[in-house]
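A.B. asks: what shape does this take:
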Amino acid sequence: MGLIKYGKITRAHGISGEVKLTPFSRELHSLSSLKTIFIETGPGLSPVETRVLQCRPHKSSAIVRLEGVDSVDDADKLTGKNVYIDNSQLPPLKEDEFYWFQLIGLDIYTDDGRYLGEVQELIDRAYQSVLVVKDGDKELLIPLTEPFVKEINLKESKIITSNLKGLIIQE
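C.D. replies: The predicted model follows:
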């Protein structure tokens, strides 16, 4: 079992203890298939497994009823908590597809072999996602799209970018 950060509980919904869960991904199809989630309890503590009793899409989020959360007060206590899922609950991918969490930690190189840094996180924008790449104090924001990203190689834990003139400072 491997837990991945999936989303965040953004607020209570209604008066019966439902919560609004906003996934970090734009893909909502996997929400309805979740049977359990793991909710963070505090710094340094393991997330607690919680059974999902009901889940329905709501705009770009989901309204979720959780076992043991029966009131607005219970739901309010979960607001702002990160939600994790076991990666075995994710649907299988086709060849050349990947989940965002798989990109975290990959090394990034230019197509001429220059090391740019390691992917620290992804920022999801309406029209384009951006890789946040760090190498020491240097930070780069690289659009996660062609022509900027030429290759994502999960087996070799690296991403190859094309010429990034104008995006990186040439040394």
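
A.B. asks: run through who's touching stretch 79-88.
C.D. replies: Residues outside stretch 79-88 that contact it (CB atoms under 8 Å, 6 or more residues apart in numbering): 1-12, 19, 21, 34, 36-41, 47, 99, 101. C-betas here are computed from N, CA, C, even on glycine.

A.B. asks: which of those residues are buried?
C.D. replies: 3-9, 12, 19, 21, 34, 37-40, 47, 101 (16 or more other CB atoms under 10 Å).

A.B. asks: now, the contacts of stretch 79-88 that are in strands?
C.D. replies: Residues of those located in strands (DSSP state E): 3-12, 19, 21, 36-39.

A.B. asks: residue 155: which of those is nearest?
C.D. replies: residue 4 (19.0 Å; CB to CB).

A.B. asks: which residues does that closest one contact?
C.D. replies: Each residue near residue 4 by CB under 8 Å, 6+ apart is listed here: 84, 85, 87, 99, 101.

A.B. asks: so what's the residue nearest the centre of the chain scoring on pLDDT?
C.D. replies: Nearest to the geometric centre of the chain sits residue 24, at 4.5 Å (CA atoms, centre = their mean). You'll see residue 24 listed with a pLDDT of 78.
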